[in-house]
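Undergrad: This is a predicted model, with the sequence first.
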Amino acid sequence: MSLFKARDWWYTTLGEKEEFDQGCLCVADVDNSGTGQDKIIVGSYMGFLRIFNPHPVKPGDGTQAEDLLLEVQLREPVLQVEVGKFVSGTELLHLAVLHCRKLCVYAVSGTLGSVEHGNQYHIKLIYEHNLQRTACNMTYGPFGGVKGRDLICIQSMDGMLMLFEQESYAFGRFLPGFLLPGPLTYSSRTDSFITVSSSRQVESYKYQVLAFATDADERQETEQQKHSSGKRLVVDWVLNIGEQALDIRVVSFNQMVSSLFVLGERNFFCLKDNGQIRFMKKLDYSPSCFLPYCSVTEGTINTLIGNYNNMLLVYQDVTLKWATQLPHTPVAVKVCCLQDMKGLIVTLSDSGHLQCSYLGTDPSVFQAPKVESREMNYEELDREMKELQKIIKEATKTQDILPKSEDDDLKVTAEVSFHLDAISQAIDSEVRAEVVPSVTVKITVQSRLAVQKPKLSVCVQPPLALTCDQFIFNDIGPAVSKTVVLSAFLKGNCPPAELEGNAIFSYNTPTADFNPKGVPRVAQCKFRLPLRLICFPAQPSKTANHKLTIDTNKPPVSLVRLFPDFSDQSDEDQVNSLGFQFLAGSRTTLLASKTSQRYRIQSDQLEDIWLIANELTLRLEEHFKKQNCKDFLCIFSGSIPLQEYFECIDHHFELRLNAEKFQELLSERAIQFRAIERRLLARFKDKTPAPLQHLDTLLEGTYRQVIALADAAEENQANMFQAFVKLKSATHLVIMLISLWQKLSPDQIAILESTFLPLMQDTQELGWEETVDAAISYLLRTCLSKSSKEQALTLTSQLSIPKDTSRLKKHITLLCDRLAKGGRLCLNADTNTQQAIIMPGGCTAIPESDLEERTAVQDPTPIFTDHKHLTKQKSKPDKWFQEWQHFKIVKLLLMVMAL
């Protein structure tokens, strides 16, 4: 049993499918037995009234037949039960039951039974009040300072306070500014009613002010008659708590000191009599009920707070003293004395789970055995430490968080149709073409076990779109498969940067009694859309602005065999040339050499080459893989088209600057528009008419400027999205050319992709230029550094949009230059002399070393050629010793971090 679990003393379940709330529970000596033992009174919305006197044989037992003293079914739902001195001429306790349209006061009495039948209890109706308005809640107390009796105040759903002096109706008053009823209580020390209004304010009303205010029955009279019949109802004090209140209670130490407690949705407040905050506590959970009571420590108050996590927490003022787990969510909590046991906690759930529990722990009879002392073997500990460091090092290298099982419990597969849809499913496409094709994607989910809350999300990169991307299923049983069919099409007016898509399936797997809600899991699969979705066959073009040549180490393959979906088998000219016309782009031509092992891709737009070049390499690899050829290789020996790539960067950056200008102009015109509105409003409110002095003309002109600027900003935003997609395509092309040029490994290609493509979306707050500049600067200072001076990382300011792109272009050129001179992309600390520990928040210019300048002077060859050898220079002994010491310090820090 858990240490922080409530200790069960007695429990029972009330009825079937009954509902309860915070006003349905009350504890008191309702039968006036005089023994000081409380009884538990519970009313339900089904109209049942029950009175319990628990007598468990041993703590933790359930209910016995004799524990239920009384159970009656009333004709109406029970909203609230209270016990007080509600009958005139006697100070005995009576039970008040509040219904929707009735207030009943009962006397509970018991009769000694004969033989073994036990005592018998019954209730007798003393009096009742039929209400003219629907009741919400009630409170009671010695209103006006009366002695020996309690008066009742009922709050109706429309904001009327109805006061009853026991058997007679006294008066009724409407609360000012009322909208919805809130919790209500009475403070005997200040003789005030305190409630929380729908405006989230704690309001206090004096009883004397209520008594002398205008009667509620006279609200239909004229204004003159209102003033003549009584005073206006004025609030005593108001406190804005900023949230809706769940309950409100008054706790009194004595007649001199009292505190008002308010339980909000996220805080609970302790107020003084005059409405000043004594203290407050911010809660990190959603409370369900609370009960403040006097603490044994003088000057402090204990508070029980239940929440929807089935927890009951005990606070002493604002300090959490104890937290205990309950088997249900409490909606009402009381503290009572049962069987001479003081301090028992009674909790009631909304479904009728009634429990008496206490706080504390059971003593443990287990004693831990004594541990034999032994001497420490430091050599063995050192050996174990090295083994653990090796395990940690190997674990940090792996990419997968969870190990992959051979037999997966759930499998997601995606199947893309080989043919385009006969009837296009494209919806709201912006492409200026006669027909926008679509392709069908079928996704199948096969589950071996039962799963809960399954949800399938399918995503593709814009400007591609799907007919439906979200699917929600009911719970799937074991050995059941689900299949969904959707269509993909080109929506935006530009070619996409990627044709890949993802299908992500999220679900919960139940784990018996430990977690009935299940453990969240995710399964996903990738799919690739066909090239025919975004382009169609066209005549090859002989001239183009951009040309790239890719070499291979295998004989050339006929383009008809590589691209059967774009070629005509009967056309012999298509053996060595193909044309691709993009739906929202230029025409791209693919040429295959007849004599050499080369392929040429040419187009008027640099970004349009990427998809064709990528498709060519993929189909070549697939072709030679089918022929069991494992040494196939693609090579790029030309120059990287950096100048054309920089033009794409400049165009995207210019649109970002335009977006900032539009935002500033819109802000200025909006300020001007609001200022003119204020002046016009002041003129219209003026009692003496004055000329507008052309303010209306100025307002209309400013409005037109705001609309024009908004349209221009929207158009610029659309252009910036297209420019970002084109920039991503050009970036993919540059990465592919660098990888073919330097024969990079898949890990190095992944580093380049994460460096040049860190963002899925481009925003004004975090743009592509500053992010890529910081990433490239990090590579140049670490694995591609030339000197220890560059390796000293310096923290700069946060990322912000640069003034221009000159530094970014310089860093990209420097990155290619260092890769050409033998630099290696690697983020492993063991392979570098020094490694960065902190990633910089910004980036600064990378200084070129003297060695690099001398190498550039001595080598007259072009920058982007294959440099197999790198000039080495011996460092001085003093400098070498300093670097060796620094290396030892860094290694020691890494060991400490691993521990």
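TA: In hand now; what should we look at? Residues are numbered from 1 along each chain as shown.
Undergrad: so where's the stretch 451-600 of the chain uncertain?
TA: Counting by pLDDT under 70, the stretch 451-600 of the chain shows low-confidence ranges at 512-516, 568-575.
Undergrad: now with 50?
TA: For the stretch 451-600 of the chain, not a single residue meets the criterion pLDDT under 50.
Undergrad: in it, which spans are strands?
TA: Counting by DSSP state E, counting those that start in this stretch, the stretch 451-600 of the chain has strands at residues 452-460, 464-466, 470-472, 480-490, 500-511, 515-528, 535-538, 546-552, 577-582, 587-592, 598-603.
Undergrad: Lys282: which of the ones you listed is closest?
TA: With CB to CB as the criterion, Lys282 lies closest to strand 515-528 of those, at 27.2 Å. For every residue, glycine as well, the C-beta is placed using N, CA and C.
Undergrad: Quick check: which helices or strands does the closest one pack against?
TA: strand 410-416, strand 438-447, strand 452-460, strand 500-511 (3 or more CB pairs under 8 Å, 6 or more residues apart in numbering; DSSP states H and E).
Undergrad: Tell me where this structure has helices.
TA: Taking DSSP state H to define them, one finds helices in the chain at 207-212, 223-229, 378-397, 559-562, 608-626, 642-685, 695-742, 746-756, 768-781, 788-791, 806-820, 850-858, 877-898.
Undergrad: follow-up on the earlier one: next, format the strands of the stretch 451-600 of the chain as CSV and append mean neighbour count and distance to Leu291.
TA: Supplementary listing: the strands of the stretch 451-600 of the chain in CSV, determined by neighbours: other CB atoms under 10 Å; distance: least, CB to CB, whole Å:
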stretch, mean neighbour count, distance to Leu291
strand 452-460, 17, 36
strand 464-466, 20, 54
strand 470-472, 12, 41
strand 480-490, 19, 49
strand 500-511, 18, 35
strand 515-528, 13, 29
strand 535-538, 18, 72
strand 546-552, 18, 77
strand 577-582, 20, 71
strand 587-592, 22, 76
strand 598-603, 21, 76
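Undergrad: Would you format those as TSV with distance to Ala96 included?
TA: Formatted as TSV, the strands of the stretch 451-600 of the chain follow (distance: least, CB to CB, whole Å):
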stretch	distance to Ala96
strand 452-460	46
strand 464-466	63
strand 470-472	49
strand 480-490	57
strand 500-511	47
strand 515-528	41
strand 535-538	81
strand 546-552	89
strand 577-582	81
strand 587-592	86
strand 598-603	87
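Undergrad: and among the helices of the chain, the most buried is which?
TA: When these are scored by mean count of other CB atoms under 10 Å, the highest mean neighbour count falls to helix 768-781 (a mean of 21).
Undergrad: quick one: average pLDDT of it?
TA: In this model, helix 768-781 has a mean pLDDT of 87.
Undergrad: Any idea how far it is from the middle of the chain?
TA: On the basis of CA atoms, centre = their mean, to the nearest Å, the separation between the geometric centre of helix 768-781 and that of its chain is 30 Å.
Undergrad: elements contacting that helix?
TA: Helix 768-781 sits against helix 642-685, helix 746-756, helix 788-791, helix 806-820, with contacts defined as 3+ CB pairs under 8 Å, 6+ apart.
Undergrad: How confident is the prediction for Met736, by pLDDT?
TA: Note for Met736: predicted pLDDT of 90.
Undergrad: quick one: it from Ala135, how far?
TA: Met736 sits 76 Å away from Ala135, taking CB to CB, to the nearest Å as the criterion.
Undergrad: again, but for His419
TA: In this view, His419 and Ala135 are 70 Å apart by CB to CB.
Undergrad: Those two - which one has more neighbours?
TA: Ala135 (21 against 10; other CB atoms under 10 Å).
Undergrad: these two touch, right, the more buried one and Leu103?
TA: Yes - judged on CB atoms under 8 Å, Ala135 makes contact with Leu103 at a distance of 7.4 Å.
Undergrad: shared neighbours of the two, which are they?
TA: Ile154 (CB atoms under 8 Å, 6 or more residues apart in numbering).
Undergrad: Let me see the contact set for the residue lying closest to Val331 once chain neighbours are set aside.
TA: Sequence neighbours aside, Asp350 is the residue nearest to Val331 in space, at 4.9 Å (criterion: CB to CB, 6 or more residues apart in numbering). Contacts for Asp350 (CB under 8 Å, 6+ apart) come out as 19-21, 329, 331.
Undergrad: mind pulling up the phi and psi values for Asp350?
TA: phi -70, psi -20 (degrees, to the nearest 10).
Undergrad: Quick one: residues contacting Val706.
TA: 666, 669-670, 673.
Undergrad: Next, count neighbours for Thr35.
TA: Look at Thr35: counted by other CB under 10 Å, it has 10 neighbours.
Undergrad: Name the nearest residue to it, sequence neighbours excluded.
TA: Per CB to CB, 6+ apart, closest to Thr35 is Asp29, 7.5 Å.
Undergrad: so the one you found touches Gly36, yeah?
TA: Yes - using CB under 8 Å, Asp29 and Gly36 qualify as a contacting pair, with a distance of 6.9 Å.
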